[in-house]
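> what follows is a predicted protein model with its sequence.
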Amino acid sequence: MSCRLYEGKEQASSYWKYRIAPSDHLIQQVLNFLEKQMDQPFELAVDVGCGSGQGTLLLAKYFASVVGTDVSPAQLEMATQHTQEPNITYRRCVAEDLPFADGSADLVTAMSAFHWFDRPRFLQEAHRILKPRGCLALLNYTMDMRLSSPDRCSDSLNRVCNQFYAALHPYRSAKLGPSSIEFYREAHGSIPYPDKEWHECVWVERPMPLSSYMGLVESFSSYQALLKEDPQKATALSQDVCQRLMSIMRVTSVETEVVVAVKYFYLLACKPQEA
């Protein structure tokens, strides 16, 4: 059974506000892989575990129809509120039972969600709905993000960040194990498709206010678990980290811009013509 998180309205709002979507470059890598396998125009993309829809939106201009799916009504409500593209729709369902016909999808994606699924069942379901030569793309990023600020020592900033991540590690879901990247490596090895790729380390830099970086980390499941167990401890930890970062940067505003380097990994796989 997949693990259900981020279903409340408050968390859905935080997810939309702070969570990051793959960069245009990463989406283009997915499309380049798909274009090698199938002729355009592309008809249907299914974004599974879409959350509040940031990644789903990136697919709209490349497909006649894009459908984001999620188990959370609050997440889907948030996604719908921020979607104006007429070719995007959303469906509530679990990742392991997708409401699509056999061989109907050109692309199936899961962006920062696959590790929460019942992975073998989801891979079977993705195989079922993919067209022959259709593609599966599973993307995620690690928590060990790097922070930099002009004219300030990045090493000092990242020592504080690493201490933040270490403090949250005991609250990491047991379902994820020591590192979710292992689930993606395992999936890459188990998918019986001859045409597949594994990319383990792709750094993407994103400028954002320090407040957004803090909100991003606070949206992670480990911080949310700490917040649920001990709200006072979670708030004190977050405030301490933020103050220490501002002190190193010699700023007084949490809206000061920083550059956050995010490490992505992803796998791409093409369903054979004769499957």
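Everything's here; your move.
> take stretch 133-142, keep the C-alpha atoms, and write them as CSV.
Below are the C-alpha coordinates for stretch 133-142, written out as CSV (Å, rounded to 0.1, in the frame of the first residue of the first chain):
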residue,chain,number,x,y,z
ARG,A,133,7.1,2.9,-27.0
GLY,A,134,5.5,5.1,-24.3
CYS,A,135,7.8,6.3,-21.6
LEU,A,136,8.0,6.3,-17.8
ALA,A,137,9.9,9.1,-16.0
LEU,A,138,10.5,9.0,-12.3
LEU,A,139,12.2,12.1,-10.8
ASN,A,140,13.2,13.1,-7.3
TYR,A,141,15.6,15.3,-5.4
THR,A,142,17.6,14.9,-2.2
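> what's the neighbour count on S112?
20 (other Cβ atoms under 10 Å). For every residue, glycine as well, the C-beta is placed using N, CA and C.
> distance of it from D47?
Per Cβ to Cβ, to the nearest Å, S112 is found 11 Å from D47.
> got it, and H169?
In terms of Cβ to Cβ, H169 sits 29 Å off from D47.
> the two: which is more packed in?
Remark: of H169 and D47, D47 carries more neighbours, 28 against 11, as counted by other Cβ under 10 Å.
> what about L59, neighbour count?
The number of residues near L59, taken as other Cβ under 10 Å, comes to 27.
> hang on, the earlier thing: okay, and the common contacts of S112 and D47?
G55 (Cβ atoms under 8 Å, 6 or more residues apart in numbering).
> so where's the longest helix in this structure?
Counting residues, the longest helix found in the chain (DSSP state H) is helix 231-249.
> tell me the buried residues in it?
A234, L237, S238, V241, C242, R244, L245, I248, M249 (16 or more other Cβ atoms under 10 Å).
> again, but for stretch 192-207
Y193, K196, V202, V204.
> would you agree the second one is in contact with H188?
Just to be clear, that refers to K196. Yes. Counting by Cβ atoms under 8 Å, H188 is a contact partner of K196 at 6.4 Å.
> for the chain, just list every one of the helices.
Counting by DSSP H, the helices of the chain are 9-18, 24-37, 54-59, 73-81, 119-129, 154-168, 181-190, 210-218, 221-229, 231-249.
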